[in-house]
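Engineer: sharing a model prediction with you, sequence too.
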Amino acid sequence: MFVVDTNILVYAADRHAIEHDECRRQLLEWRRQPAAWHLTWGIIYEFIRISTHPKVFRNPFSLANAWEFVQAALSSPSLSMLVETERHALVASEVFSQLPAISGNLTFDAHTAILMKEHGVKTIYTRDTDFHRFPFLSVIDPLQK
């Protein structure tokens with residue numbers, strides 16, 4: 001069980017990115033595998049925000065194209081979405097107590113990390129080194145072999 005972070009989806013979608021081939025290959029492999037993998041709605045919306053942004057994407061997607069990419073990922077039978085449970089506030093409180101320096105943009109990563117802890121998912125595939133701040137996560141950069 002693992003989570004795939006926004007930047008992996010972005011690179012898999014962006015044909016101009018140096019990381020494209022490997023991230024696309026990995027995403028296609030995860031979509032076909034029988035083992036569970038996860039996304040969050042925050043990751044999905046962040047992907048849409050980035051992939052449709054003309055100052056971030058060289059050739060930004062239309063909303064329809066971004067959503068089509070998302071729907072392809074969502075069609076994977078082994079994918080599930082991590083969502084808040086009734087324990088979410090308790091887990092968030094624990095993480096915020098352990099890591100009181102969380103602020104600003106790191107709160108978006110914290111939300112993903114908290115959801116992962118809440119559901120017992122320990123591994124995230126990402127190129128975002130900020131996830132190393134969460135000691136309960138195992139961070140894998142799929143481009144570092």
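Structural biologist: Structure's in. What do you need?
Engineer: partner strands of whatever helix or strand residue 139 lives in, with direction?
Structural biologist: Following DSSP states H and E, one finds residue 139 within strand 138-140. Taking DSSP bridges as the criterion, strand 138-140 forms sheet pairs with strand 123-125 (parallel).
Engineer: quick one: residues in contact with stretch 89-99.
Structural biologist: Outside stretch 89-99, the residues that touch it by Cβ atoms under 8 Å, 6 or more residues apart in numbering are 102, 110, 113, 114, 117, 118, 133, 134, 135. (Each C-beta comes from the backbone N, C-alpha and C, glycine too.)
Engineer: with secondary structure added, can I get the residues you listed in CSV?
Structural biologist: Shown next, in CSV, are the contacts of stretch 89-99 (DSSP: H, G, I helix; E, B strand; the rest coil):
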residue, secondary structure
102, coil
110, helix
113, helix
114, helix
117, helix
118, helix
133, helix
134, coil
135, coil
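Engineer: same list (these) but as JSON lines, adding pLDDT and distance to residue 66.
Structural biologist: Listed next are the contacts of stretch 89-99 as JSON lines, based on pLDDT from 0 to 100; distance: Cβ to Cβ, whole Å:
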{"residue": "102", "pLDDT": "96", "distance to residue 66": "28"}
{"residue": "110", "pLDDT": "97", "distance to residue 66": "24"}
{"residue": "113", "pLDDT": "98", "distance to residue 66": "24"}
{"residue": "114", "pLDDT": "98", "distance to residue 66": "25"}
{"residue": "117", "pLDDT": "98", "distance to residue 66": "28"}
{"residue": "118", "pLDDT": "97", "distance to residue 66": "27"}
{"residue": "133", "pLDDT": "95", "distance to residue 66": "28"}
{"residue": "134", "pLDDT": "97", "distance to residue 66": "27"}
{"residue": "135", "pLDDT": "97", "distance to residue 66": "33"}
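Engineer: hmm, which of those residues are the buried ones?
Structural biologist: Among those, the ones that count as buried by 16 or more other Cβ atoms under 10 Å are 102, 110, 113, 114, 117, 118, 134.
Engineer: any chance of those residues in CSV, plus distance to residue 57?
Structural biologist: Listed next are the buried ones among the contacts of stretch 89-99 as CSV, based on distance: Cβ to Cβ, whole Å:
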residue, distance to residue 57
102, 28
110, 25
113, 26
114, 28
117, 31
118, 31
134, 28
